[in-house]
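Enquirer: coords please:
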Amino acid sequence: MTALPALPHESPSTEEDLAEMRIQLGRDMRGVVSIARRCACGRPAVVRTSPRLEDGTPFPTSLYLTLPSMVAAVSRLEAEGRMAELTEQLGRDEDLAAAYRRAHERYLARRAELGHAEEVEHVSAGGMPTRVKCLHALVGQALAEGPGINPVGDLVLSELAPIASIDVCRCEVAA
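Expert: Residues are numbered from 1 along each chain as shown. Sure, this is the predicted structure:
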């Protein structure tokens, strides 16, 4: 497989980022490799994690949404049943399903850049490639990779645009 282009917004994580994510999520982050995308104010929005944590635990979710305003907005969509609707849409729309399968393969390839965890070798995130299980993971991939990589993540981001975006900082409001 050819090498993937670098993540367009990736930057090293700092001790300040780790402290900020502890506030964002209410716990320490494990396996942090980098910040895959930041809020307009510079705070972490999507973290990139290793496929195997420090204690040896396999960890399939290598792109993880952390920004509270986005996490809350995505959680509302999940609570409203949007995952089931999107899964049904995948069943009806062959082009969407094919693009979603490509997003799954991209997720696996991107995670493989960081190492290997045999236990999760074929498991990506968010229910890919056949269903929509976790919008947080799909939006994380869409934000980290940029538009056109994860079609479901892109759809969700377009739905959220009027109320939540990493391009308009809402960190102080959410804090």
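Enquirer: residue contacts, residue 53?
Expert: Residue 53 sits next to 30-31, 59 when contact means C-beta atoms under 8 Å, 6 or more residues apart in numbering. Every residue, glycine included, has its C-beta placed from N, CA and C.
Enquirer: show the buried residues in the residues you listed.
Expert: Applying a neighbour-count criterion of 16 or more other C-beta atoms under 10 Å, the buried members of those are 31, 59.
Enquirer: and the nearest residue to residue 111 once chain neighbours are set aside, how many neighbours?
Expert: Nearest non-adjacent residue to residue 111, counting by C-beta to C-beta, 6 or more residues apart in numbering: residue 62, 4.2 Å away. Residues within reach of residue 62, counting by other C-beta atoms under 10 Å, total 29.
Enquirer: wait, doesn't residue 62 sit right on residue 114?
Expert: Yes. Counting by C-beta atoms under 8 Å, residue 62 touches residue 114, with 6.6 Å between them.
Enquirer: mutual contacts of those two, please.
Expert: 33, 48, 50-51.
Enquirer: check the gap between the residue nearest the centre of the chain and residue 14 for me.
Expert: Computing the C-alpha centroid of the chain and ranking residues by C-alpha atoms, centre = their mean puts residue 140 first, at 1.8 Å. Separation of residue 140 from residue 14 (C-beta to C-beta, to the nearest Å): 20 Å.
Enquirer: coming back round to it: wait, what's in contact with the residue nearest to the centre of the chain?
Expert: 36, 46, 61, 63-65, 125, 153.
Enquirer: that's a helix at it, yeah?
Expert: Yes. Counting by DSSP: H, G, I helix; E, B strand; the rest coil, residue 140 is found in a helix.
Enquirer: the strands in the chain, which residues?
Expert: In the chain, the segments counted as strands under DSSP state E are 11-12, 32-38, 44-49, 63-65.
Enquirer: so, low pLDDT: which residues of this protein?
Expert: 1, 172-175 (pLDDT under 70).
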